[in-house]
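# here is the input, now give the coordinates:
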Amino acid sequence: MSYPILHTLHLFAALMFIGTVFFEVLILESVRKHVPAELMRLVEQGIGRRARRLMPWVLLVLFCAGLGMVWLRYWPALSAPLESSFATLLTLKIVLATSVLGHFFGAKFLLWSGRMNSRYFRRIHLSVFSHMVGIVLLAKGMFYLSW
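I've put the predicted structure just below:
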């Protein structure tokens, strides 16, 4: 597959994933104060069901496209991650992305084991949100920062 196709797939999957996380953290959490608890629980269940069906596929596309981009274009930079600002920032971006994947699998395990609760839900979402902000800043910085 060509780099431009992988890049486009990666960007669309990132848009879907980051958009979902931003919606849940910045909008859904603030709505909680204004909506009765039972209604909010139903909304969260509905969104959660849809996200559990869709997000694994989004993450699969996101990570496969990212790995394809590394394979086709960025492998030389990653072989010496401290030799350039681009390589260092790309390495940090990959570390954060791997952590997000770990969060995803951790959340899946908590759901599967029946131990997911609202405290874990909020903490995971806030952590993933902060990771996403970092990833976006690193993705842009890779092309604009140098030292």
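
# return the set of buried residues in the helix or strand hosting residue 122.
Counting by DSSP states H and E, the element that carries residue 122 is helix 118-144. By 16 or more other CB atoms under 10 Å, the buried positions in helix 118-144 come out as 121, 124-125, 128-129, 131-132, 134-135, 138-139, 141-142. Quick note: C-beta positions are derived from backbone N, CA and C, even for glycine.

# swap in stretch 43-53?
Neighbour counts over stretch 43-53 (16+ other CB under 10 Å) mark 44, 51 as buried.

# let the chain start at 52 from now.
Okay, residue one is now 52; in that scheme the one you just asked about reads as stretch 94-104.

# which stretches of this protein form strands?
Counting by DSSP state E, the chain forms no strands at all.

# residue furthest from the geometric center of it?
Relative to the C-alpha centroid of the chain, counting by CA atoms, centre = their mean, residue 87 is the outermost residue, at 29.4 Å.

# if you drop the residues flanking it in sequence, what lies closest to residue 121?
Residue nearest to residue 121 in three dimensions, not counting chain neighbours: residue 129, with 6.5 Å by CB to CB, 6 or more residues apart in numbering.

# for the one you found, what are its contacts?
By CB atoms under 8 Å, 6 or more residues apart in numbering, the residues touching residue 129 are 121, 138, 141, 142, 145.

# I'd assumed residue 132 was in contact with the fourth one.
In this case it means residue 142. Yes. Counting by CB atoms under 8 Å, residue 142 touches residue 132, with 4.0 Å between them.

# just checking, residue 161 touches residue 167?
Yes. Counting by CB under 8 Å, residue 167 is a contact partner of residue 161 at 4.1 Å.

# circling back: where is pLDDT lowest across the buried residues of helix 169-195?
Ranked by pLDDT, those bottom out at residue 172, which scores 86.

# state the distance from that one to residue 68.
Separation of residue 172 from residue 68 (CB to CB, to the nearest Å): 17 Å.
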